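Asks: Sequence and predicted structure are below.
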Amino acid sequence: MKNTLLVSLALVLSIHATPLLGQTTKLPHVMILATGGTIAGSAESQTSVGYTSGAVTVDVLIKAVPGLTKIARISGEQVASIGSQDMNNEVWLKLAKRVNEILKADTVDGIVITHGTDTMEETAYFLQLVVKGRKPVVLTGSMRPSTALSADGPLNIYNAVAVAGDTGSRGRGVLVAVNDNIHGGREITKTNTTSVQTFESPQYGLIGTTLYGKQSFFRYPFRKNTTSSEFTIDGVTAFPRVDVIYAHANMSPDLIDAAVKNGAKGLIIAGVGDGNMTTPALEALARAVRSGVVVVRSSRVPSGHTWRNSEVDDDKYGFVAAGELLPSKARVLLMLALLTSNEPLAIQKMFDTY
Ligand code: ASP
């Protein structure tokens, strides 16, 4: 089994950036970068609940999609083979740098990234902030493993490739094509643990829809992204530690103090309501700011703004308000912001811009 995987990987690397035989050169060239996830998952039977993420290689994924080579010239590359619950800064940097390299070389018309659904929204937003190019970069994944009854992966890959090869997708930031919907990298969030219709873009709606490879677009992203983003990962090899802390009734200050003690340079509080927390937690956050940590107030509520200076006096405490960015996405933005600043008002401006 291990040998088969190695042979598959060698095959993938050998076709790297090279269109497959028999494909017409008029079709757009789409490169698929695989990172693992359920879309590459394998289960013991067609109806098993349990499965292993990231077990299937990119060439096998491509071959499982009927008609794919009729809509694009495809090449594939394996960037990682992980469940996205294991996504980390190293893989993000490797993936984003590879995307930027491919876009700079200008040999493809679009890029598809296959990815687990658990942290897809974070990767999409990270790429939205650091990818430098207007050509489509489209993430996709699936809720059911590749071996399941009615696996949703093949159609999602088909649609993602169609979106990536469509010139109408250009300049719309990093996109996610799942379950016939096209989401913006900033807005998308997972809302259901197992349903195929899990992804929503709660506040601002979809960028468009796709049906068997035909797109209908509704809007462009409204915040700065990709080519207009100030963030760069050139020369970056690591990020400052940023932790997310979940607020709740009777919240103690202990986890906040522990995060700071363990080296967090930034804290995102997933506050109750409009980014609120207990008085002892608020005092711990104030201590964190005094020790040089940047604190961002966001909300554990799935939609709505966390407004600056509403019930908490952000001016007095030196906090940043996340607006409508979800805690997981606020963490991504703060990690990038901390590369260049630890000044709360400068970082507030970034939260108002991205
Ligand atoms: N745990 C999986 C992952 O994120 C779930 C999925 O892909 O749907 O990799």
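Replies: Alright, I've got the coordinates.
Asks: Around the ligand, pick out the residues from this protein.
Replies: Within the chain, the positions near the ligand by CB under 6 Å from any ligand atom are 37, 38, 53, 83, 84, 85, 116, 117, 118, 141, 143. For the C-beta atoms, the positions are set from N, CA and C on the backbone; glycine is no exception.
Asks: Next, format those residues as JSON lines and append pLDDT and secondary structure.
Replies: Output for the residues of the chain next to the ligand, formatted as JSON lines (pLDDT from 0 to 100; DSSP: H, G, I helix; E, B strand; the rest coil):
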{"residue": "37", "pLDDT": "94", "secondary structure": "coil"}
{"residue": "38", "pLDDT": "91", "secondary structure": "helix"}
{"residue": "53", "pLDDT": "76", "secondary structure": "coil"}
{"residue": "83", "pLDDT": "95", "secondary structure": "coil"}
{"residue": "84", "pLDDT": "97", "secondary structure": "helix"}
{"residue": "85", "pLDDT": "97", "secondary structure": "helix"}
{"residue": "116", "pLDDT": "97", "secondary structure": "coil"}
{"residue": "117", "pLDDT": "98", "secondary structure": "coil"}
{"residue": "118", "pLDDT": "98", "secondary structure": "coil"}
{"residue": "141", "pLDDT": "97", "secondary structure": "coil"}
{"residue": "143", "pLDDT": "96", "secondary structure": "coil"}
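Asks: Going by distance to residue 194, which of those residues wins?
Replies: residue 143 (6.4 Å; CB to CB).
Asks: so the residue nearest to that closest one when sequence neighbours are not counted, which of the three states?
Replies: Leaving aside its sequence neighbours, residue 143 sits nearest to residue 196 (CB to CB, 6 or more residues apart in numbering; 4.9 Å). Assigned state for residue 196: coil (three-state reduction, DSSP: H, G, I helix; E, B strand; the rest coil).
Asks: now residue 216
Replies: Three-state assignment for residue 216 (three-state DSSP): strand.
Asks: Neighbours of it, how many?
Replies: By other CB atoms under 10 Å, the residues close to residue 216 number 11.
Asks: Indicate the residue of the protein located nearest to the ligand.
Replies: For the chain, the residue closest to the ligand is residue 116, as judged by CB to the nearest ligand atom, at 1.9 Å.
Asks: In contact with that residue, which residues?
Replies: Residues counted as contacts of residue 116 (CB atoms under 8 Å, 6 or more residues apart in numbering) are 35-39, 53-54, 82-85, 87, 141.
Asks: ok, 7 Å please
Replies: Contacts here follow CB atoms under 7 Å, 6 or more residues apart in numbering; on that basis residue 116 touches 36, 37, 38, 53, 83, 84, 85, 141.
Asks: now residue 46
Replies: 147, 148, 149.
Asks: Doesn't it lie inside a helix?
Replies: No. Under three-state DSSP, residue 46 sits outside any helix and is assigned coil.
Asks: Show me the shaky parts of the protein.
Replies: 1-25 (pLDDT under 70).
Asks: biggest strand in this protein by residues?
Replies: strand 73-82 (DSSP state E).
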